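# I need the structure of the sequence given here:
(one chain, ligands or ions: 2)
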Amino acid sequence: MAHDGDGGKDLRAMLAEDPEAADLELFGRKSYPDRRGFLKGAGLATMGAAVGMTIPFHRNVPQGFIPAAFAQGDVLVGKDGLTLLNDRPVNAETPPEFLDDAITPTNRHFIRNNGIVPDDTSADSWSLTIDGFVDNPMTLSIADLKSQFEVVTMALTIECGGNGRAFFDPPASGNQWTYGAVACSEWTGVRLKDVLEKAGVQSNVVYTAHYGADAHLSGDPEKLPISRGMPIDKAMTDNILIAFQMNGADLHVMNGAPLRLVVPGWPGSCSQKWLKRIELRDVVHDGPKMTGKAYRVPAYPVSAGTEVPTEDFEIIERMPVKSLVTFPANGAESGMSTEVRGHAWSGDRTIDAVDISIDFGATWQKATLDAPANDGAWQNWRANVTFPESGYYEVWARATDSAGVAQPHAIDWNPKGYLNNTMHRVGLKVS
Ligand SMILES: Nc1nc2c(c(=O)[nH]1)N[C@H]1C(S)=C(S)[C@@H](COP(=O)(O)O)O[C@H]1N2
Ligand SMILES: [Mo]
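Ligands and ions are numbered 1, 2, ... in the order given. Here you go, the predicted model:
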């Protein structure tokens, strides 16, 4: 351990040598309750986003340093109440009771990063390139997007393909999302379709390919953390945005500032953040997280734990019918009657009904269901339930979509734990 001349300890040298040991010795466990190692090796933008402002002396920040701001309060400035699942890359989900708003506020929108947030996310110098099989390849600034295309605002649901992975048995590797890798914020931007039409989609195009500015975890500039795409027919639908605002303000840096795709109803991974380039391809895109077992499921039901050959996997397209109870919270105490409420959604479809049970599925009552704010938004629902006597109850919610498909009690297992749309159950202590 390095010491300075008069016997005091040289913080910078200690941190350079062994950040975790230094942090422990200097600040002790009590100063940083659950934050040990948080942001270890994180990029500057992650640090800046975490403390909520730029760090002028960032060049002096030792590798592995934990900003003192993390001693108290939230890990991520501009986010509130999120559960941190991983710090490198940053992944955080929102407990269901914090998703109670009809439109998800930015501070409650989950974060799913595969790589390291880009350092430079300034909107003024940002550019988006449209190329590949197009008649007019284009590079556009955000100002160009605003001036050349109609600007629209839509409420759009983004759900990670792995939401609910925590409940697979045998367990599936990856972030152990429970319920909260889903959100429906209001996004402002231009329609992807309008931009692609201006670029002139050639007749051989079958798929889009999306590229962002985030770096691979390895730091290798040749590697991309994620680059996904979608069939061109999907890309030409009206409710896919290239968004530069979220809930009426700039995007949060963790949610893709200053520019991202928002593709409602399909796995969140289609919604490329820090969007720099869209390429139109004459083959199904094969970027990182398009192939192998990533965002792919066996083409047929398999029993739990089965080894499935990679060639039997297919790309996940629309997300299945699902609902969430956002009030009351699981484990809450309740009076003899209460309002129960939440949201329901189904990729590329609407919700026809949400049914509620307080007797473990023996009987069901219909919830009042709102229409979606627009195509691609989740639907809010509410019901008043009355309990016959005091005791422990579970509120179950089951959504049925416009194709008549209802949420199951249990779903087929798949190797990577995608598409878990089992009914949400909330336990209540009623008296
Ligand atoms: N550039 C880039 N875009 C990305 C990702 C990423 O790691 N890098 N993660 C994707 C995944 S897997 C999901 S679920 C959504 C999550 O969006 P959010 O972090 O704004 O909630 O972003 C997608 N877009
Ligand atoms: Mo995701």
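# for the rest of this, base every contact and every neighbour count on C-alpha atoms.
Will do.
# could I get the average pLDDT for stretch 174-188?
The average pLDDT within stretch 174-188 is 96.
# is it up against ligand 1 anywhere?
No. Using C-alpha under 6 Å from any ligand atom, stretch 174-188 stays clear of ligand 1, coming no nearer than 7.0 Å.
# start and end of that stretch, how far apart?
31 Å (C-alpha to C-alpha, to the nearest Å).
# neighbours around the residue in the chain that ligand 2 sits nearest to, how many?
For the chain and ligand 2, the shortest gap (C-alpha to the ion) falls at residue 160, measuring 3.6 Å. Residue 160: 25 surrounding residues under other C-alpha atoms under 10 Å.
# quick check: pLDDT value at it.
For residue 160, the predicted pLDDT is 98.
# likewise the one 5 residues further on?
According to the prediction, residue 165 has pLDDT 95.
# dihedrals phi and psi, it?
phi -60, psi -30 (degrees, to the nearest 10).
# return the residues in contact with it.
171-172, 174-178, 416-418, 420 (C-alpha atoms under 8 Å, 6 or more residues apart in numbering).
# nearest residue to it in space, ignoring adjacent ones along the chain?
residue 417 (4.7 Å; C-alpha to C-alpha, 6 or more residues apart in numbering).
# residues contacting the closest residue to residue 414 other than its chain neighbours?
In space, and not counting its chain neighbours, residue 414 is closest to residue 297: 6.3 Å by C-alpha to C-alpha, 6+ apart. Residue 297 makes contact with 313-316, 414-416, 418 under the criterion C-alpha under 8 Å, 6+ apart.
# top of those residues by neighbour count?
residue 414 (28 neighbours).
# and the helix or strand harbouring residue 129, how far from the chain's centre?
Using DSSP states H and E, residue 129 sits in strand 127-132. Relative to its parent chain, strand 127-132 has a centroid offset of 24 Å by C-alpha atoms, centre = their mean, to the nearest Å.
# just the mean pLDDT for that strand, thanks.
98.
# close to ligand 1, is that strand?
No. Using C-alpha under 6 Å from any ligand atom, we find that strand 127-132 stays clear of ligand 1, coming within 13.0 Å at best.
# can you give me the neighbour number for the nearest residue to residue 304 once chain neighbours are set aside?
Nearest residue to residue 304 in three dimensions, chain neighbours excluded: residue 413, at 5.3 Å (C-alpha to C-alpha, 6+ apart). By the measure other C-alpha under 10 Å, the count of residues near residue 413 is 25.
# from here on, call the first residue 7.
Okay, using 7 as the starting number, the last item reads as residue 419.
# ok, residue 419 touching residue 173?
No. Counting by C-alpha atoms under 8 Å, residue 419 does not reach residue 173; the two are 9.9 Å apart.
# this protein against ligand 2: which residues are in contact?
Taking C-alpha under 5 Å from the ion as the contact definition, the chain meets ligand 2 at 166, 274-275.
# which ones among those residues come in contact with ligand 1?
Answer for the residues of the chain next to ligand 2 near ligand 1 (C-alpha under 6 Å from any ligand atom): 166, 274-275.
# a markdown table for those residues, including secondary structure?
Formatted as a markdown table, those follow (DSSP: H, G, I helix; E, B strand; the rest coil):
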| residue | secondary structure |
| --- | --- |
| 166 | coil |
| 274 | helix |
| 275 | helix |
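# for residue 121, state which of the residues you listed is nearest.
residue 275 (12.5 Å; C-alpha to C-alpha).
# these two touch, right, that closest one and residue 234?
Yes. Here residue 275 reaches residue 234: they are 6.9 Å apart, a contact under C-alpha under 8 Å.
# helices and strands of this protein: which one bottoms out on pLDDT?
Within the chain, no helix or strand scores below helix 25-37, which has a mean of 50 by mean pLDDT, DSSP states H and E.
# give the rounded mean pLDDT of stretch 391-399.
In the prediction, stretch 391-399 has an average pLDDT of 95.
# residue 184 and residue 170 touch, don't they?
Yes. Look at residue 184 against residue 170 with C-alpha under 8 Å: they come within range, at 4.6 Å.
# which of these two has more neighbours?
Ranked by neighbour count (other C-alpha under 10 Å), residue 184 and residue 170 place residue 170 first, with 21 against 17.
# that one contacts residue 430, doesn't it?
No. If you go by C-alpha under 8 Å, residue 170 and residue 430 don't touch, sitting 10.1 Å apart.
# quick one: the helices in this protein?
17-23, 25-37, 50-57, 148-154, 198-205, 238-241 (DSSP state H).
# residues in contact with stretch 383-399?
Residues from elsewhere that reach stretch 383-399, judged by C-alpha under 8 Å, 6+ apart: 108, 160-163, 190, 270, 342-352, 357, 360, 362, 364-365, 372-379, 433-437.
# quick check: PyMOL command selecting the buried ones in those.
To isolate the buried members of those in PyMOL, using 16 or more other C-alpha atoms under 10 Å:
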select buried, resi 108+160+161+162+163+190+270+346+347+348+349+350+351+352+357+360+362+364+372+373+375+376+378+379+433+434+435+436
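# burial count for residue 86?
17.
# how does the protein divide into domains?
Domain ranges of the chain: 7-84, 133-320, 328-436, per automatic domain parsing.
# neighbouring contacts of stretch 201-214?
Contact with stretch 201-214 is made by 136, 139-144, 155, 234-238, 241-242, 284-291, as judged by C-alpha under 8 Å, 6+ apart.
# drop anything exposed from the residues you listed.
Burial by neighbour count, 16+ other C-alpha under 10 Å: within the contacts of stretch 201-214 this picks out 136, 139-140, 142-144, 234-238, 241-242, 284-287, 290-291.
# in strands, which of those appear?
Judged by DSSP state E, the buried ones among the contacts of stretch 201-214 include 136, 144, 284-287 as members of strands.
# farthest-apart pair in these, please.
144 and 287, at 15.5 Å, using C-alpha to C-alpha across these.
# ligand 1 contacts on the chain?
115-121, 165-166, 218, 220, 232, 261, 274-275, 277-280.
# what's the burial count for residue 402?
With other C-alpha under 10 Å as criterion, residue 402 counts 21.
# next: residue 93.
Going by other C-alpha under 10 Å, the residues that sit close to residue 93 add up to 18.
# what of the one 10 residues further on?
Close neighbours of residue 103, defined as other C-alpha under 10 Å, add up to 17.
# OK, contacts around it?
Contacts of residue 103 (C-alpha under 8 Å, 6+ apart): 331-335.
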